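Visitor: coords below, sequence missing:
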């Protein structure tokens, strides 16, 4: 049972809704490069309008200098794409702190990070936002780990505050995988650095039966095991931490799986020629760019016996086709498994898209940092504020 109010339970007829969404989309020039985040919030927008509410959408785009307009980070291209997808005009409002939300209307506010006080969660700005609405709806899971004026402060001062359908679905599905998982639980964690995933790894060792480590992190674990990793990216200062994580896994009875062979090259480039070496025979002039096929194929095949799968991060440099084999095999293995599968993180979503397995993943999170913080067991500030408002 959710500890916060949910939009679906509110009477929205004639109400002024301020909805914080995550439209921080990749841009290619002046065009939206990927519409995934826009598609994710369409049901929320349509539900609010169908109920007779007036809607003003809030979002950020990129990291502008606060208080300054930056044409490169204007939400105008997003408003254009949103209009096309909804088949109705969605005007972009620049001076939106004085906007009047009318029943049945739909507008998009210009980049909230152009406002002074957004990043610092200033009460003055949050109160101005709160005055615009009868109900604040937080539906931007991807920013729920940040206490900012448009995600946290406004929820404190609005007449009422609730979670939107997307935020609620994120919390429900991630909680299902972490708190009520069907065993055995397998986690796959990729990424360049152990240091950025340290708390995630520690938390998962307490929750899972098997942990597969991939990406550049593998190199640090291999180096910690006494293997030479050539010219590979790794963190010498994190070797002792990697040893401690492997020891912790053993004490908890968790299998921490590392490859027996790796795919290497003399350089990181589209023209690099892949070569396979046992982990104890990596030449000094080679860098590890992918995990061995046999190891990954075995991991992927064994996923059919999993009850729950948590996936964050690719196993190799999947952007280059010659080093994409392990990530592809993993994606296909997850897709073929009957387990409840949860995937999150920007690179993970890119891999899912590249290997066309989205329809076969149980739940794909729209959040990066917020997803990881939930896996770490942290309380998200925006969610905590919604819970506080419901007390």
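Guide: Thanks, I have the structure now. None of these values were measured; they are calculated from a predicted model. Residues are numbered from 1 along each chain as shown.
Visitor: which intervals of this structure have sub-threshold pLDDT?
Guide: Along the chain, the parts satisfying pLDDT under 70 run over 1.
Visitor: Show me how it divides into domains.
Guide: Listed by automatic domain parsing, the domain ranges of the chain are 7-166+380-389, 183-338.
Visitor: And the helices in the stretch 1-150 of the chain, which stretches?
Guide: In the stretch 1-150 of the chain, the helices defined using DSSP state H, counting those that start in this stretch lie at 36-50, 76-86, 123-130.
Visitor: Also the stretch 251-391 of the chain?
Guide: 293-302, 325-336, 346-354, 369-375, 381-389.
Visitor: can you list contacts of the fourth one?
Guide: Meaning helix 369-375. Applying CB atoms under 8 Å, 6 or more residues apart in numbering, the contact partners of helix 369-375 are 141-146, 170-171, 174-175, 178, 197, 200, 203-204, 310, 312, 344-345, 365, 367, 380. Glycine gets a C-beta too; all of them are placed from N, C-alpha and C.
Visitor: What of the longest one?
Guide: Helix 325-336 has contacts (CB under 8 Å, 6+ apart) with 188, 190, 214, 263, 290-293, 295-297, 299-301, 303-304, 309, 311, 314-316, 318, 341, 343, 351-352, 355, 357, 360-361.
Visitor: Give me the buried subset of those residues.
Guide: By neighbour count, with 16 or more other CB atoms under 10 Å, the contacts of helix 325-336 hold 188, 190, 214, 263, 290-292, 295-297, 299-300, 303, 309, 311, 314-316, 318, 341, 343, 351-352, 355, 357, 361 as buried.
Visitor: what's the spacing between the strand or helix carrying residue 188 and its chain's center?
Guide: Secondary structure assignment for residue 188, by DSSP states H and E: strand 185-189. Strand 185-189 sits 16 Å away from the centroid of its parent chain (CA atoms, centre = their mean, to the nearest Å).
Visitor: Pull the residues that contact that strand.
Guide: Strand 185-189 is contacted from outside by 197, 200-201, 204, 207-214, 217, 299, 303, 306-313, 315, 330, 334, 339, using CB under 8 Å, 6+ apart.
Visitor: Recalculate using a threshold of 7 Å.
Guide: With contacts defined as CB atoms under 7 Å, 6 or more residues apart in numbering, strand 185-189 is touched by 197, 200-201, 204, 207-214, 303, 306-313, 330.
Visitor: Can you tell me the strand partners of it and which way each runs?
Guide: Applying DSSP bridges, strand 185-189 is found paired with strand 210-213 (parallel), strand 308-312 (parallel).
Visitor: closest one to residue 27 among those?
Guide: Proximity of the strands paired with strand 185-189 to residue 27 was assessed by CB to CB; the nearest stretch is strand 308-312, lying at 24.4 Å.
Visitor: who's in contact with that closest one?
Guide: Identification of contacts with strand 308-312 by CB under 7 Å, 6+ apart yields 177, 181-182, 185-189, 303, 334, 337, 339-345, 348, 372.
Visitor: And stretch 281-299, by the same measure?
Guide: Contacting residues not belonging to stretch 281-299 are listed as 212, 214, 218-219, 227-232, 257, 259-266, 268, 275-276, 315-317, 323, 325-326, 329-330, 333 [CB under 7 Å, 6+ apart].
Visitor: go on, stretch 39-55?
Guide: 12-17, 19, 21, 85-86, 101-106, 139, 164-166, 366.
Visitor: Between its first and last residues, what's the separation in stretch 2-17?
Guide: Stretch 2-17 has an end-to-end distance of 21 Å (CA to CA, to the nearest Å).
Visitor: With stretch 25-36 instead?
Guide: Start to finish, the residues bounding stretch 25-36 are 8 Å apart (CA to CA).
Visitor: from now on call the first residue 104
Guide: Got it, first residue is 104 now, which makes that one stretch 128-139.
Visitor: in that stretch, what's buried?
Guide: Going by neighbour count (16+ other CB under 10 Å), the buried part of stretch 128-139 is 128, 130, 135, 138.
Visitor: Also stretch 161-168?
Guide: 161, 162, 163, 164, 167.
Visitor: Verify the contact between the fourth one and residue 212 for me.
Guide: No - the pair residue 164 and residue 212 fails to qualify as a contact (CB atoms under 7 Å) at a distance of 11.4 Å.
Visitor: re the thing from before, got a ChimeraX select line for the buried ones in the contacts of strand 411-415?
Guide: Filtering the contacts of strand 411-415 down to the buried ones (16+ other CB under 10 Å) takes a single ChimeraX command:
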select :280,284,288,289,290,291,292,406,437,440,442,443,444,445,446,447,448,451,475
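Visitor: for the helices of the stretch 104-253 of the chain, which one sits closest to residue 352?
Guide: Residue 352 lies closest, by CB to CB, to one member of the helices of the stretch 104-253 of the chain: helix 139-153, at 33.7 Å.
Visitor: how far off helix 449-457 does the closest one point, in degrees?
Guide: Taking axes from the mean of the first three to the mean of the last three CA atoms, to 10 degrees, one finds helix 139-153 and helix 449-457 inclined to each other by 90 degrees.
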